[in-house]
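A.B. asks: Just the structure for this:
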Amino acid sequence: MINLSILSSNEWLLALGLNFVLIALAQRLPLLTKNGWIHAGALGTILWGCLGWQGWLAVVFYLFLGSLVTKIGFSYKQSKGIAEGRGGRRGPENVWGSSATGAFLAILYKVSGGVGYDFVLLGFAASFSAKLSDTFGSEIGKRWGRRTFLITSFKRVLAGTDGAISLEGTLASLLGAVLMTGVMTSLAFVSNISEFVVVVIAGFFATIAESVLGATAQNRLKWLTNELVNSLQTSLAGLLAIVIAYLTSS
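C.D. replies: This is a model prediction of the structure:
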């Protein structure tokens with residue numbers, strides 16, 4: 001696990017300055033809207049200030065991999081009316097829907113001083129594992145899913161339907177969870193193979209649970225937006241990872 005002491009005010013100033021410079025340089029890339037970049041800068045500052053460069057780099061990798069898979073087959077998905085809006089660019093609501101759980105856990109770790117809170121870092125890792133799992137499954141499934149079923153009834157439905165799954169999308173979800181957990185391992189949020197398995201399982205299970213929620217409730221409850229569903233999914237993944245790691249730690 002990463003070993004962090006309470007970061008000084010200089011670290012926060014460094015985080016703010018670095019994110020300001022990088023956002024100014026990167027805002028021309030077709031990844032986020034203008035406001036999306038501003039909020040990504042705020043998120044990056046929080047993560048660097050709480051978890052150091054590792055926390056900041058974790059969300060950079062997530063953003064890169066998620067945007068990359070969104071762009072794959074984008075013209076096809078656009079022709080079917082199931083592509084992400086704004087040309088695939090994410091706005092503030094997408095930034096926080098994907099990352100609010102991770103930001104909360106990072107702040108919790110910071111406030112605790114990191115003492116005895118390694119489980120929180122696993123929750124942090126699992127929240128992003130779940131989100132990349134969801135993005136991979138959704139984007140690959142919409143483009144290459146041959147047969148799409150509603151997860152609750154296995155009734156054939158159109159690709160892009162809330163709660164729809166396909167074999168290709170499900171395998172892509174698992175791949176996304178493994179890739180993001182690999183990133184978290186390289187950044188020292190995940191220390192060993194058992195923790196790796198816990199984070200993958202938590203991320204993948206939360207993605208399946210999100211599909212169930214989409215199939216049963218999302219179309220019936222107007223307040224249950226995609227962003228709220230994303231936050232619930234990442235929160236579930238983080239909680240699962242923390243609980244499983246705690247129960248298996250003795």
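A.B. asks: contacts, neighbours, all on C-alpha from now
C.D. replies: Fine.
A.B. asks: Let me see the ranges of the strands in this protein.
C.D. replies: For the chain, strands defined by DSSP state E occupy the ranges 149-150, 164-165.
A.B. asks: Can you lay out those strands as a markdown table showing mean pLDDT?
C.D. replies: Rendered in a markdown table, the data for the strands of the chain read as follows (pLDDT from 0 to 100):
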| stretch | mean pLDDT |
| --- | --- |
| strand 149-150 | 89 |
| strand 164-165 | 88 |
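A.B. asks: Can you check which of those gets nearest to Val59?
C.D. replies: Closest of those to Val59 is strand 164-165, at 26.1 Å (criterion: Cα to Cα).
A.B. asks: from the chain's centre, how far out does that closest one sit?
C.D. replies: In terms of Cα atoms, centre = their mean, to the nearest Å, the gap separating the centre of strand 164-165 from the centre of its chain is 19 Å.
A.B. asks: Identify the residues contacting that strand?
C.D. replies: With contact meaning Cα atoms under 8 Å, 6 or more residues apart in numbering, strand 164-165 is reached by 141, 148-151, 157-158, 211, 215.
A.B. asks: Can you give the strand pairings for it, parallel or anti for each?
C.D. replies: Strand 164-165 has these partner strands in its sheet, going by DSSP bridges: strand 149-150 (antiparallel).
A.B. asks: what does the strand it pairs with rub up against?
C.D. replies: With contact meaning Cα under 8 Å, 6+ apart, strand 149-150 is reached by 155-158, 161, 163-166, 215.
A.B. asks: Show me which pair in the residues you listed is furthest apart.
C.D. replies: Maximum pairwise distance in those, criterion Cα to Cα, is 13.8 Å, between Ser166 and Ala215.
A.B. asks: Could you check which of these two is surrounded by more residues?
C.D. replies: Ser166 (24 against 19; other Cα atoms under 10 Å).
A.B. asks: Quick check, Val200 in contact with Phe128.
C.D. replies: No. Counting by Cα atoms under 8 Å, no contact exists between Val200 and Phe128, whose distance comes to 10.3 Å.
A.B. asks: Which of the two has more residues huddled nearby?
C.D. replies: Phe128 (30 against 27).
A.B. asks: Just the ones in helices from the contacts of strand 164-165, please.
C.D. replies: Secondary structure defined by DSSP state H assigns 141, 211 of the contacts of strand 164-165 to helices.
A.B. asks: pLDDT weak spots in the protein?
C.D. replies: Where the chain drops to pLDDT under 70, the residues are 1-10, 25-27, 29-31, 80, 82-88, 114-116, 250.
A.B. asks: Thr207 - nearest residue in space that isn't next to it in sequence?
C.D. replies: Asp134 (5.5 Å; Cα to Cα, 6 or more residues apart in numbering).
A.B. asks: Tell me how far that neighbour lies from Tyr246.
C.D. replies: Separation of Asp134 from Tyr246 (Cα to Cα, to the nearest Å) stands at 25 Å.
A.B. asks: Same question for Leu121.
C.D. replies: The gap separating Leu121 from Tyr246 is 12 Å, by Cα to Cα.
A.B. asks: more crowded one of these two?
C.D. replies: The neighbour comparison of Leu121 against Tyr246 (other Cα under 10 Å) goes to Leu121, with 27 against 12.
A.B. asks: my read: the more buried one touches Ala103, true?
C.D. replies: No. Judged on Cα under 8 Å, Leu121 makes no contact with Ala103 at a distance of 11.1 Å.
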